[in-house]
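Asker: missing the sequence, but the structure's below:
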C-alpha cells in the first residue's frame, strides 16, 4: 500500500516537474529578439557649435527628413535635394513646465551661405510652441504645435514618446518617407567636437 | 498541497487566455509580452486541469474539459488574425543598435551602424530582407557591400505598447529562430520598430527606426 502511494506520488511529481520544464523552455525559446530596452539609448552627435545647457532646454531632436519638408516652411532647396538635416531645440519653463520657445535649423534648405569657397543652404527659425491634443486617427495623441511666423500656419509634431517625434503635415497626418529618409526626429545628446 | 502548487502555476496561463477580451482584464506590456510568448498549445495544456481542480467535488469533469478547451481555442484563435487584405511593402534605413541587435541572426560581433530594410507583409506571412554594415561615406551603400539577412514567418496584430494600451502592434515571428520582432503601426503607411519592452526605438541624428510604405 505504502509502495503504491509512493509510486503514485512519484508519477505526480514527475509529471509536474516535466510540465514546468516544458513551459519554461517554451517561454524562453519564443522570446523577443529585437533590441533589449537597455540598449535602446539616446545617441550622441558631435557638434562644432556651442552646446545649449540652459535649464529651459527641454530637448534637442535631430533627423534627416526628405526635402518636401522644406515646403512646410516655404524654404527653397536645390534641385538635387534629397534630405534636409534638421535640428529642433525645444524650450520650456523649468518651473511650470509650460512650453515657451523653439529653435529649428535646416541644413540643405533656406538661404545660400558662402563659406570656405563653397556654398550650402541654411536657415534657422525661432518662435513659440504649445502642446495640443489629437490627430485625425487618434484624438488622444499629444501634438507639439510650432508657430511658423506666418499667420495661421503651424508646424505639427506628434510626440511618440520622450525621445521620438513624428513630423505631421498641415492636416496633422503622418508623412510617408522613403527607403533612405523618414519624417522622424530623434532626441540626441550633443557632444562637443575635439578641436 | 500538490494541487495548490500546480493551481497557482496555472493562474497566469488562464489569465493569458483572457487577455484579448476587451474590458475584462487590463494587462501591462510586460505581461502581454509574457502571454504572447506562450504558444497556444502550452496555454491549453497547462490550463487543462484547472476545471477539475476547481470542480473536483462535482462529478462533471469529463463534460467540462472539452467546453473549457473549446473556449480557450476560441480566445487564442481570435488574437491570431492579421488585418490586411493584400500585400504591403515597407522600406527604411535605420541605425543598428549596439549590444542586442534589432533582428535575430545578427551577431553582436558584426560591424553594423546602418540597416536597410525591405519588409513585405501579406495577409498571414512576412518576408524581411535586410542589408547591414558600416555606411560608406558620401554614398547610400555599405563598406565592402555589407551583409544580408533574410527572415520570414508569420505575423499577428496585437494591442498595447508601453505608453499606449490601445496602440496597434505587429508581432512578427521568425520561423527559423521562433523569435519575435515588434513594430508599432503608426498609420497605414508607417511602422516604428519597438524594443523588447514595447518602447519606441530611438534613432540617431542620421537615421530613424521608422519604416515607410512603398508602392514597390
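Answerer: Perfect, thanks for sending it. Treat the numbers as computed from the prediction; the structure is a model and nothing was measured. Residues are numbered from 1 along each chain as shown, chains lettered A, B, ... in the order given.
Asker: where exactly do the helices run in chain B?
Answerer: B:2-17, B:29-36, B:40-47, B:50-54, B:61-78 (DSSP state H).
Asker: where does chain B have low pLDDT?
Answerer: B:1-83, B:216 (pLDDT under 70).
Asker: and the longest strand along it, which strands flank it?
Answerer: In chain B, taking DSSP state E as the definition, the longest strand is strand B:147-161. If you go by DSSP bridges, strand B:147-161 pairs up with strand B:125-133 (antiparallel), strand B:164-174 (antiparallel).
Asker: if you count neighbours, what's buried in that strand?
Answerer: Buried positions in strand B:147-161, judged by neighbour count with 16 or more other CB atoms under 10 Å in any protein chain shown: B:149, B:151, B:153, B:155-156, B:158-161. Yep, even glycine has a C-beta here, placed from its N, CA and C like the rest.
Asker: and which of those residues is nearest residue A:63?
Answerer: Using CB to CB, residue B:161 comes nearest to residue A:63 of the buried residues of strand B:147-161, at 21.2 Å.
Asker: separation between that closest one and residue B:85?
Answerer: Per CB to CB, to the nearest Å, residue B:161 is found 24 Å from residue B:85.
Asker: also residue B:204?
Answerer: From residue B:204 to residue B:85 the distance is 35 Å (CB to CB).
Asker: between the two, which one's more packed in?
Answerer: More neighbours surround residue B:204 than the other of residue B:204 and residue B:85, with 21 against 8 (other CB atoms under 10 Å in any protein chain shown).
Asker: just checking, the more buried one touches residue A:188?
Answerer: Yes - counting by CB atoms under 8 Å, residue B:204 does reach residue A:188; the two are 7.1 Å apart.
Asker: joint contacts of these two?
Answerer: Overlap of the contact sets of residue B:204 and residue A:188 (by CB atoms under 8 Å, 6 or more residues apart in numbering or on different chains) consists of A:43, A:45, A:62.
Asker: I'd guessed the second one sits against residue A:186; true?
Answerer: Yep, that's residue A:45 we're talking about. No - Residue A:45 lies out of contact with residue A:186 (CB under 8 Å); the separation is 9.5 Å.
Asker: settle it for me: which of these two has more neighbours?
Answerer: residue A:186 (28 against 16).
Asker: next, the contact list for that one, please.
Answerer: For residue A:186, the contact set (CB under 8 Å, 6+ apart) comprises A:42-43, A:61-63, A:163-165, B:202-205, B:208.
Asker: quick one: which of those is most hemmed in?
Answerer: residue B:208 (32 neighbours).
Asker: can you pull the phi and psi angles for it?
Answerer: Backbone torsions of residue B:208, given as degrees, to the nearest 10, read phi -120, psi 160.
Asker: identify the residue spatially nearest to it, adjacent ones excluded.
Answerer: In this structure, residue B:208 finds its nearest non-sequential neighbour in residue A:184, 3.6 Å apart by CB to CB, 6 or more residues apart in numbering or on different chains.
Asker: how many residues are close by the one you found?
Answerer: By the criterion of other CB under 10 Å, residue A:184 has 31 neighbours.
Asker: do you know how far the residue positioned nearest the centre of chain A is from residue A:43?
Answerer: Geometric centre of chain A, nearest residue: residue A:164, 1.8 Å, by CA atoms, centre = their mean. Using CB to CB, we find residue A:164 at a distance of 12 Å from residue A:43.
Asker: then residue A:87?
Answerer: 13 Å.
Asker: what sits in contact with each of the two?
Answerer: Shared contacts of residue A:87 and residue A:43, defined by CB under 8 Å, 6+ apart, are found at residue B:205.
Asker: residues touching the residue nearest to residue B:206 when sequence neighbours are not counted, list them.
Answerer: Computed as CB to CB, 6+ apart, the closest residue to residue B:206 that is not its neighbour in sequence is residue A:64, at 6.1 Å. Residue A:64 makes contact with A:83-86, A:181, B:205-207 under the criterion CB under 8 Å, 6+ apart.
Asker: please redo it, this time with the cut-off set to 7 Å
Answerer: Listed by CB atoms under 7 Å, 6 or more residues apart in numbering or on different chains, the contact partners of residue A:64 are A:83, A:85, A:181, B:206.
Asker: likewise for residue A:100?
Answerer: Residues near residue A:100 by CB under 7 Å, 6+ apart: A:56, A:91-93.
Asker: same check on residue B:138?
Answerer: Taking CB under 7 Å, 6+ apart as the contact definition, residue B:138 lies against nothing.
Asker: point me to the helix or strand that includes the nearest residue to residue B:140 once chain neighbours are set aside.
Answerer: For residue B:140, ignoring the flanking residues on the chain, the nearest one in space by CB to CB, 6+ apart is residue A:180 at 5.9 Å. Using DSSP states H and E, residue A:180 sits within no helix or strand.
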